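Chemist: sequence first, predicted model second:
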Amino acid sequence: MQKIIFSFVLLLTATVAFSQVDSAIAPPYKRFPVVPPFRLLTPDSSSVFTKTDLKKNRPVLIILFSPECEHCRRETEDIIKHIDDFEKIQIVMATTMPFDKMKQFYTDYQLARHKNITVGKDIQYLLPVYYDIRSLPFLAFYDRKGKLIEAFEGSLSVEKMLTRFE
C-alpha cells in the first residue's frame, strides 16, 4: 500500500512540476528581433499605418506611450526640441489609449508638423504583448535593416537615444 501511495505522490509531484509555465521564455521582440507587423489608426481616423509604410533603409524608433503619462509627455517635448537631430530617423509613436486622447496628444504637440513622426492607435493591441510592456514610455530602436538594436522601458535623454543609432 505504501508503494502505491508513494507512486501516486511521485506521479502527482511530477505532473505539477512539468505543468508549470516556463517563465524563462523570452518575449516575442527578443525571439523575433525585427520591426513587428503593427497596424496603427492614424489621427485622420481613415488611414492605417503599417510596417510596410516605413521608409526603406532608415532607422526606426518605436515609442509606446500614453497621452496621460507625464514621462511620455516630457519625452515627446524633448524629442520635439531636438527634432533636427532625428531628421534621418523614423519615429513611430503608438498608443492603445482611446482614439480621442491620442488625437488630442497629436494636436497638443503639433506632431503633424514633423514628417518623420507618425502617431497612431494600436488597433490590434499587438505592441504591448509583443514588447511585454510593464511601464511607459517604451522605446524600441531598430537599425536601417529593421533589426532590433535595443529596447528600453522608461525615459531616456535625447543624447542617449541618439547614441543607440550610432
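Modeler: Received it, and whenever you're ready, just let me know what you need. Numbers count the residues shown, from 1 in each chain.
Chemist: in the protein, where is pLDDT below threshold?
Modeler: The chain contains residues with pLDDT under 70 at 1-23.
Chemist: so what's the residue count around residue 141?
Modeler: 21 (other C-beta atoms under 10 Å). For the C-beta atoms, the positions are set from N, CA and C on the backbone; glycine is no exception.
Chemist: and residue 128, by the same measure?
Modeler: Residue 128 has 16 nearby residues by other C-beta under 10 Å.
Chemist: mind listing what it touches?
Modeler: 64, 96, 122 (C-beta atoms under 8 Å, 6 or more residues apart in numbering).
Chemist: now the second one: closest residue in space, sequence neighbours ignored.
Modeler: With C-beta to C-beta, 6 or more residues apart in numbering as the criterion, residue 96 has its nearest non-adjacent residue at 5.0 Å, and that residue is residue 122.
Chemist: re earlier: neighbour-wise, which one of the contacts of residue 128 leads?
Modeler: residue 64 (24 neighbours).
Chemist: partners of it in the sheet?
Modeler: Per DSSP bridges, the residues bridged to residue 64 are residue 94, residue 138.
Chemist: could you verify my assumption that it touches residue 136?
Modeler: Yes. Using C-beta atoms under 8 Å, residue 64 and residue 136 qualify as a contacting pair, with a distance of 6.2 Å.
Chemist: reformat the contacts of residue 128 as JSON lines; add distance to residue 24.
Modeler: Listed next are those as JSON lines, based on distance: C-beta to C-beta, whole Å:
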{"residue": "64", "distance to residue 24": "24"}
{"residue": "96", "distance to residue 24": "27"}
{"residue": "122", "distance to residue 24": "27"}
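Chemist: count the residues that sit near residue 54.
Modeler: Applying other C-beta under 10 Å, we find 18 residues neighbouring residue 54.
Chemist: any idea how far it is from residue 46?
Modeler: 20 Å (C-beta to C-beta, to the nearest Å).
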